[in-house]
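*Asks:* need a structure here:
(one chain, ligands or ions: 2)
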Amino acid sequence: MRFCLNVDHIATLRNARGESQPDPVAFALMAEQYGVDGIVVHLREDRRHINERDVRLLRELVKTKLDLEMAAVDEIINIACDVQPDLATIVPEKRQELTTEGGLNVIDNIKQIKNAIFRLHENDIPVSLFIEPDINQIDASAEINADFVELHTGHFANAILEEDIYDELEKIRIAAKHAKKLGLGVNAGHGLDYLNIKEFIAIQEIDEVSIGHAVIARAVFVGLEKAIEEMRNLISTKI
Ligand SMILES: CC(=O)[C@@H](O)[C@H](O)COP(=O)(O)O
Ligand SMILES: NCC(=O)COP(=O)(O)O
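*Replies:* Ligands and ions are numbered 1, 2, ... in the order given. This is a model prediction of the structure:
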């Protein structure tokens, strides 16, 4: 299971004072040295954290894989087609949200997302759709030629009761198997941390996890190298 690090919230800290430190680009390059398999950044329309300078510099400097999370809107699609990330992950965005609250509704927005995929594919950029672990959403994603799906793990991460955790994990497991059967790459992310990852790695069909907030928070206390090492060890644990 590959481990990609989302560095959005280094940019959140940088932007807190409108200055230049800590630089998410420098942080991402250090993370690569410490063994992550890729860097994820979410260039939001409101630029609350990652900005275009970060994305363009990361494109120049990242050696592993650059996964650009983005809304399916012309402004951001144009930037993505110019920057050429290794993967474009289309995510839903709502101004008032604190963080991403759920997966894309591919079915209800099929025309807009199909157009975004077409434009990104025209520029040789593989596309992942950030969706709920839902069979119908997976079928719709395959139908419009997505290359990957990223299964939203937020409901699993936020579940408290044992039975809810089990139910959410089963939804992800079934969805991952179905997506694999359709030939889609299967990524997952949102809210994964040092505790819930232990249950998550049992799902063999997941190719890659994107983790940000929990690792950044841990790095504040133990440093980035150790935070990455600890998560890497948990993800590599033999089941
Ligand atoms: C799509 C997703 O779950 C995250 O990668 C996303 O970046 C969350 O948004 P914030 O980083 O703005 O919290
Ligand atoms: N797509 C999920 C991601 O990149 C990181 O989400 P989180 O770990 O910050 O919740």
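
*Asks:* residues contacting residue 206?
*Replies:* Contacts for residue 206 were tallied using CB atoms under 8 Å, 6 or more residues apart in numbering; they are 1, 151, 172, 176, 186-188, 200. Placement of C-beta: from N, CA and C, glycine included.

*Asks:* Include neighbour count, pLDDT and distance to residue 99 when you put those residues into JSON lines, please.
*Replies:* Converted to JSON lines, the contacts of residue 206 look like this (neighbours: other CB atoms under 10 Å; pLDDT from 0 to 100; distance: CB to CB, whole Å):
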{"residue": "1", "neighbour count": "16", "pLDDT": "94", "distance to residue 99": "23"}
{"residue": "151", "neighbour count": "29", "pLDDT": "98", "distance to residue 99": "16"}
{"residue": "172", "neighbour count": "23", "pLDDT": "98", "distance to residue 99": "19"}
{"residue": "176", "neighbour count": "23", "pLDDT": "98", "distance to residue 99": "23"}
{"residue": "186", "neighbour count": "23", "pLDDT": "98", "distance to residue 99": "22"}
{"residue": "187", "neighbour count": "27", "pLDDT": "98", "distance to residue 99": "18"}
{"residue": "188", "neighbour count": "26", "pLDDT": "98", "distance to residue 99": "16"}
{"residue": "200", "neighbour count": "21", "pLDDT": "90", "distance to residue 99": "19"}
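
*Asks:* Report pLDDT for residue 239.
*Replies:* Looking at residue 239, its pLDDT stands at 67.

*Asks:* Now do the buried residues in stretch 91-107.
*Replies:* For stretch 91-107, burial by neighbour count (16 or more other CB atoms under 10 Å) applies to 91-93, 100, 102-104, 106.

*Asks:* that older thread, narrow the contacts of residue 206 to those in strands?
*Replies:* Under the assignment DSSP state E, the contacts of residue 206 contribute 151, 186-188 to strands.

*Asks:* sorry, back to before: make JSON lines out of the buried residues of stretch 91-107 and add pLDDT and distance to residue 235.
*Replies:* Below are the buried residues of stretch 91-107 laid out as JSON lines (pLDDT from 0 to 100; distance: CB to CB, whole Å):
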{"residue": "91", "pLDDT": "98", "distance to residue 235": "22"}
{"residue": "92", "pLDDT": "96", "distance to residue 235": "26"}
{"residue": "93", "pLDDT": "94", "distance to residue 235": "28"}
{"residue": "100", "pLDDT": "84", "distance to residue 235": "21"}
{"residue": "102", "pLDDT": "91", "distance to residue 235": "24"}
{"residue": "103", "pLDDT": "95", "distance to residue 235": "22"}
{"residue": "104", "pLDDT": "97", "distance to residue 235": "25"}
{"residue": "106", "pLDDT": "98", "distance to residue 235": "28"}
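
*Asks:* now for the lowest-mean-pLDDT helix or strand in the chain, which elements pack on it?
*Replies:* Counting by mean pLDDT, DSSP states H and E, the chain has its least confident helix or strand at helix 197-200, which shows a mean of 92. Counting contacts by 3 or more CB pairs under 8 Å, 6 or more residues apart in numbering; DSSP states H and E, helix 197-200 packs against helix 162-181, strand 208-211, helix 224-235.
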